[in-house]
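A.B. asks: using only what follows, build the 3D model:
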Amino acid sequence: MSNNITREAIGTEIETMVQDHVSMDIPFSQETNLEEDLDMDSLERVELGVKLEKKFGVLLPDSVIRQCATIGDLTEAIVSSKEMVA
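C.D. replies: The predicted structure follows:
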């Protein structure tokens with residue numbers, strides 16, 4: 001995946017991936033809380049993190065993923081990781 005992808009495109013892709021991961025048919029946004037809205041525990045967030053790493057070609061430590069409370073936090077983690085790689 002290109003390093004030129006926009007933050008908005010990354011966010012949209014992450015929203016879709018989270019929706020697929022939790023198999024819930026509810027509206028998703030950058031403000032969606034992984035634990036409170038989606039009932040994801042830390043292990044599920046780490047599993048999602050592995051999928052995100054593969055999709056975006058970045059390395060996200062488990063500790064970073066566990067600290068992400070919202071989809072927006074995941075987006076920021078991916079964007080930051082991509083900027084470090086670029």
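A.B. asks: poorly predicted segments of this protein, please.
C.D. replies: Applying pLDDT under 70 to the chain picks out residues 1-4, 84-86.
A.B. asks: how about a cut-off of 80?
C.D. replies: 1-5, 83-86 (pLDDT under 80).
A.B. asks: give the helix, strand or coil label for the residue most central in space within it.
C.D. replies: Nearest to the mean C-alpha position of the chain, by C-alpha atoms, centre = their mean, lies Leu74 at 3.7 Å. Assigned by DSSP: H, G, I helix; E, B strand; the rest coil, the conformation of Leu74 is helix.
A.B. asks: hang on, it packs against Cys68?
C.D. replies: Yes: Leu74 is in contact with Cys68 according to C-beta atoms under 8 Å; the separation is 4.9 Å. For the C-beta atoms, the positions are set from N, CA and C on the backbone; glycine is no exception.
A.B. asks: overlap of the contact sets of those two?
C.D. replies: By C-beta atoms under 8 Å, 6 or more residues apart in numbering, Leu74 and Cys68 have these common neighbours: Leu34.
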